[in-house]
Structures are given as C-alpha cells and as structure tokens.
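1. sequence and computational prediction follow.
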Amino acid sequence: MEHTVLNPQKGRLETINVDFTDENTTWFKNCRESGDIEMITDYNNGELLIKEYGWNYPVRIYDTSRATIGYKQKQAKKVLMQALRE
C-alpha cells in the first residue's frame with residue numbers, strides 16, 4: 001500500500017509502498033501525547049520507518065532496523081531525533 005513518509009536525508013516527503021504487518025512492525029500501545037513513538041517498521045532490507053503518535057508522517061531512516069535498536073521505543077526516539085537534526 002502507498003504511504004507518504006518524510007525522508008530527512010533528501011529533505012522531502014516521498015511516497016513508498018509498504019505494508020505494516022506483524023512480521024515487520026512493532027506497535028507501542030503506551031502512546032499518550034504527540035511525540036511518543038507509536039510504531040517502528042523494518043522496510044526495504046536495511047531501512048527503518050519510525051512513526052510518532054498523532055498526525056505526523058513516518059520518518060524513513062537508512063542503515064538501521066528494529067533489531068539494531070533492540071525493538072525499543074526509547075532507542076527509536078533517539079534515532080529519530082538524531083536523523084531530524086542532521
């Protein structure tokens with residue numbers, strides 16, 4: 001299915017084909033406010049999509065995976081903040 005994501009390395013939105021399934025996605029149920037990490041998804045063999053709670057676009061991160069960050073919400077937040085600063 002087509003989804004719009006933010007690609008910070010290119011500095012733009014782009015449309016990609018990705019299906020969010022139990023095999024490739026970890027959902028975090030403890031989201032209460034904007035900025036909490038809602039889900040992380042392995043994409044395209046070596047990329048990660050990180051979605052914050054609310055109406056934000058998922059952010060595309062290269063050269064990492066759910067396993068690399070230990071499937072952890074806190075680590076996903078650190079990776080996301082670093083990617084958005086660069």
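-> Yep, it's here.
2. who are the contact partners of the residue nearest in space to the middle of the chain?
-> The centre of the chain sits closest to Ile50, judged by C-alpha atoms, centre = their mean, with a distance of 1.1 Å. Residues in contact with Ile50 (C-beta atoms under 8 Å, 6 or more residues apart in numbering) are Ile37, Met39, Ile40, Pro58, Val59, Ile61, Ala76, Val79, Leu80. Where you see a C-beta, it was placed from the backbone N, CA and C, and this is true even at glycine.
3. can we see that at 6 Å?
-> Ile40, Val59, Ala76, Leu80 (C-beta atoms under 6 Å, 6 or more residues apart in numbering).
4. residues near the last one, how many?
-> As a burial measure, Leu80 scores 20 neighbours (other C-beta atoms under 10 Å).
5. for the residue in the chain sticking out farthest from the centre, which non-adjacent residue is spatially closest?
-> For the chain, the residue at maximal distance from the C-alpha centroid (C-alpha atoms, centre = their mean) is Arg32, at 17.4 Å. Distance criterion C-beta to C-beta, 6 or more residues apart in numbering; nearest residue to Arg32, sequence neighbours excluded, is Tyr53 at 7.6 Å.
6. ok, the one you found - how many residues close by?
-> When neighbours are counted by other C-beta under 10 Å, Tyr53 comes out with 16.
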